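Participant: Provided below are the primary sequence and the corresponding predicted coordinates.
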Amino acid sequence: MNPRLICFLPVLLLGLSCNRGANGTYFECSGWRLTNLDLSAKTHLTELYCERNRLTHLDLSANTNLTELYCDSNSLTNLDLSANAKLKYVYCPDNKLDNLDLSANTNLTYLDCRINHLTNLDLSANTKLTCVACGGNRILEIIVANTNKLPATLLYSGNPVIRQRGSP
């Protein structure tokens with residue numbers, strides 16, 4: 001059985017600590033207007049849906065089993081995914097990210113980072129990517145693996161002219 005916790009609550013919560021039910025693999029707290037989310041006890045988490053909140057920080061260092069992350073429409077300025085090597089889907093549009101380091105996410109197949117403040121996007125470690133949506137940023141350069149092959153689907157409208165560069 002795959003325990004799930006889905007909560008829909010139309011009130012303002014300043015923070016949520018998920019220290020019970022640590023074996024759950026799915027967690028959704030979309031639209032709660034959270035400003036803080038403590039997931040340190042959710043070590044078995046594989047899917048996280050925390051979109052449409054007021055988060056400025058999201059610590060996922062304890063969530064090493066995470067494969068899907070949906071954190072769009074928050075106020076994130078940083079998203080550290082270095083401990084999340086199993087990630088396949090990252091959906092983080094409509095935040096305030098000015099950097100997105102995906103070098104540890106070699107299993108990534110889908111990335112949506114539209115409407116942020118990114119100026120470059122290094123995809124050189126992400127050779128499994130099939131779809132990237134990065135429109136509405138300030139991206140000037142996309143760095144890809146030595147194959148010089150962009151993902152099958154690349155959506156980048158709303159950016160200045162993008163230059164593709166193979167990794168060194």
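Facilitator: In hand now; what should we look at?
Participant: Could you use CA atoms for every contact and neighbour count after this?
Facilitator: Fine.
Participant: neighbours around D98, how many?
Facilitator: Applying other C-alpha atoms under 10 Å, we find 17 residues neighbouring D98.
Participant: That one and Y26: what is the separation?
Facilitator: D98 sits 28 Å away from Y26, going by C-alpha to C-alpha, to the nearest Å.
Participant: likewise Y91?
Facilitator: With the distance defined as C-alpha to C-alpha, Y91 ends up 16 Å from Y26.
Participant: Repeat that for N99.
Facilitator: Taken as C-alpha to C-alpha, the span from N99 to Y26 is 27 Å.
Participant: Then R114?
Facilitator: The gap separating R114 from Y26 is 24 Å, by C-alpha to C-alpha.
Participant: who's more crowded, the two?
Facilitator: Remark: of R114 and Y26, R114 carries more neighbours, 25 against 19, as counted by other C-alpha under 10 Å.
Participant: Was I right to think the more buried one contacts N137?
Facilitator: Yes. Contact criterion C-alpha atoms under 8 Å: R114 and N137 qualify, at 6.4 Å.
Participant: quick one: secondary structure of the residue nearest to N84 when sequence neighbours are not counted?
Facilitator: Using C-alpha to C-alpha, 6 or more residues apart in numbering and skipping residues adjacent in sequence, the residue nearest N84 is T64, 4.9 Å away. Following DSSP: H, G, I helix; E, B strand; the rest coil, we place T64 in the coil state.
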